[in-house]
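Novice: Pasted the sequence and its predicted model underneath.
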Amino acid sequence: MGLFPGFTDARLAVNGVEIQAVVGGSGPPLLLLHGAPQSHVMWHHLAPRLAERFTVVATDLRGYGDSSKPPGGGDHADYSFRTMAADQVAVMKQLGYDAFSVVAHDRGARVTHRMLLDHPEAVTRAALLDIVPTKYVYDHTDRALATAYFHWFFFIQPAPLPELMMQPAAGVLLKAFLGAFGGTDCYDPEAMAEYERCFCTPEAIHAMCEDYRAAAGIDLRHDAADEGRMIECPLLILWGSRGVVGQLYQPLEVWQRYGSDVHGLAIDAGHFLAEERPDETFAALDEFLS
């Protein structure tokens, strides 16, 4: 793909699904995880630069991009952050890496939070982009949060209602989310075409809803069971000063309740830091990963 020069495609079978990835560079292993409603393509500005010093693995989470989209249902465990974290640890093991750094955005950062609790030996350091912990969000929900994160409460409604409502307008919905904090001019046309290709299918929309349903149920039970556990590895917290996280929370103060070695800063952006402000985001990541 032109967006990832020098990278090779990989498709890895783990935990009953297939995870799509691109791999490039050399050096210590670095896993990049995307958020909704995107895919690994969101890293196209940063991955080639990071690959100058790291072996970069950028994957599609299960349910997203070109990775498998199991049907889910039941307690939505197929889309729990625990399951998705186990996928990514297994991917890295298949590639020969028992321990690695992680840079993750949005849903991928929530997967990484669970990975840090379930597989602390696997993650040497982690950068989490534009989130506060899932349980913290639900525990501190008010009108402002519910208005800004209306989709958190819409997507979790029982299937197939949200899916049927979204499918006819999937392209409009996608661009509305991506452009929520400043329009879509920052997105490379090739990247946008990839987001549209991968998102605008019934299977992808259902998978995304299952991800959010899991977050409002089984993931909260997992988080409650780990209440009070501290993350020991170094954490970098980045957030957009113009986004929901930057406007409604004090992200660094929140994360310092969850980790013993937490640093971070705001970037003049909305939610999609890696594409809105790639140079500033790269500079912060480069210093942290060094």
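Specialist: Yes, it's here. Computed from a prediction, not measured in an experiment: that's the story for all the values here.
Novice: show me where pLDDT drops low in the stretch 1-150 of the chain?
Specialist: Low-confidence segments of the stretch 1-150 of the chain (pLDDT under 70): 1.
Novice: Recalculate using a threshold of 90.
Specialist: 1-2 (pLDDT under 90).
Novice: Please enumerate the strands of it.
Specialist: 8-14, 17-25, 29-33, 55-59, 100-105, 123-129 (DSSP state E, counting those that start in this stretch).
Novice: which helices and strands does the fourth one pack with?
Specialist: I take that to be strand 55-59. Other helices and strands packing on strand 55-59, by 3 or more Cβ pairs under 8 Å, 6 or more residues apart in numbering; DSSP states H and E, are strand 17-25, strand 29-33, helix 47-50, helix 81-94. (Glycine included, C-beta is placed from N, CA and C.)
Novice: next one: the first one
Specialist: Where contact means 3+ Cβ pairs under 8 Å, 6+ apart, strand 8-14 is packed against strand 17-25, helix 81-94.
Novice: buried set for the last one?
Specialist: In terms of neighbour count (16 or more other Cβ atoms under 10 Å), helix 81-94 has its buried residues at 81-92.
Novice: ditto for the first one
Specialist: The neighbour-count check on strand 17-25 (16+ other Cβ under 10 Å) flags 17, 19-25 as buried.
Novice: I'd like the next helix or strand past the helix or strand hosting residue 162.
Specialist: Using DSSP states H and E, residue 162 maps to helix 161-166. Helices and strands here follow DSSP H and E; after helix 161-166, the next one along the chain is helix 170-178.
Novice: helices and strands around that following helix, which ones?
Specialist: If you count contacts as 3+ Cβ pairs under 8 Å, 6+ apart, helix 170-178 packs onto helix 189-199.
Novice: Show the end-to-end separation of stretch 148-156, please.
Specialist: 16 Å (Cα to Cα, to the nearest Å).
Novice: do the same with stretch 236-256
Specialist: Termini of stretch 236-256 sit 11 Å apart (Cα to Cα).
Novice: re the thing from before, let's have the helices and strands packed on strand 55-59 in TSV, adding distance to residue 63.
Specialist: Compiled in TSV, these are given as follows (distance: least, Cβ to Cβ, whole Å):
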stretch	distance to residue 63
strand 17-25	9
strand 29-33	13
helix 47-50	21
helix 81-94	8
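Novice: before we move on, back to that, reformat the strands of the stretch 1-150 of the chain as a markdown table; add distance to residue 219.
Specialist: Shown next, in a markdown table, are the strands of the stretch 1-150 of the chain (distance: least, Cβ to Cβ, whole Å):
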| stretch | distance to residue 219 |
| --- | --- |
| strand 8-14 | 20 |
| strand 17-25 | 18 |
| strand 29-33 | 16 |
| strand 55-59 | 19 |
| strand 100-105 | 15 |
| strand 123-129 | 16 |
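Novice: Regarding residue 252, what is its secondary structure?
Specialist: With DSSP: H, G, I helix; E, B strand; the rest coil as the basis, residue 252 sits in helix.
Novice: hmm, back to that, for the helices and strands packed on strand 8-14, give me CSV that also has distance to residue 216.
Specialist: Conversion of the helices and strands packed on strand 8-14 to CSV gives the following (distance: least, Cβ to Cβ, whole Å):
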stretch, distance to residue 216
strand 17-25, 22
helix 81-94, 12
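Novice: of those, which approaches residue 271 most closely?
Specialist: helix 81-94 (18.8 Å; Cβ to Cβ).
Novice: how near is the one residue sitting closest to the centre of the chain to residue 33?
Specialist: The centroid of the chain falls nearest to residue 108 when counting by Cα atoms, centre = their mean (2.0 Å). Using Cβ to Cβ, to the nearest Å, residue 108 is found at 3 Å from residue 33.
Novice: shared neighbours of these two, which are they?
Specialist: Residues touching both residue 108 and residue 33 (Cβ atoms under 8 Å, 6 or more residues apart in numbering): residue 61.
Novice: Neighbours of residue 6, how many?
Specialist: 10 (other Cβ atoms under 10 Å).
Novice: you'd agree it is up against residue 24?
Specialist: Yes - with contact defined as Cβ atoms under 8 Å, residue 6 reaches residue 24; the gap is 5.1 Å.
Novice: Which residue ranges of the stretch 151-290 of the chain form strands?
Specialist: 235-240, 262-267.
Novice: Compile those into a markdown table and extend it with columns for distance to residue 44.
Specialist: A markdown table is the format used below for the strands of the stretch 151-290 of the chain (distance: least, Cβ to Cβ, whole Å):
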| stretch | distance to residue 44 |
| --- | --- |
| strand 235-240 | 18 |
| strand 262-267 | 18 |
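Novice: Among those, show me which one is buried the most.
Specialist: With neighbours taken as mean count of other Cβ atoms under 10 Å, those reach their highest mean count in strand 235-240, at a mean of 25.
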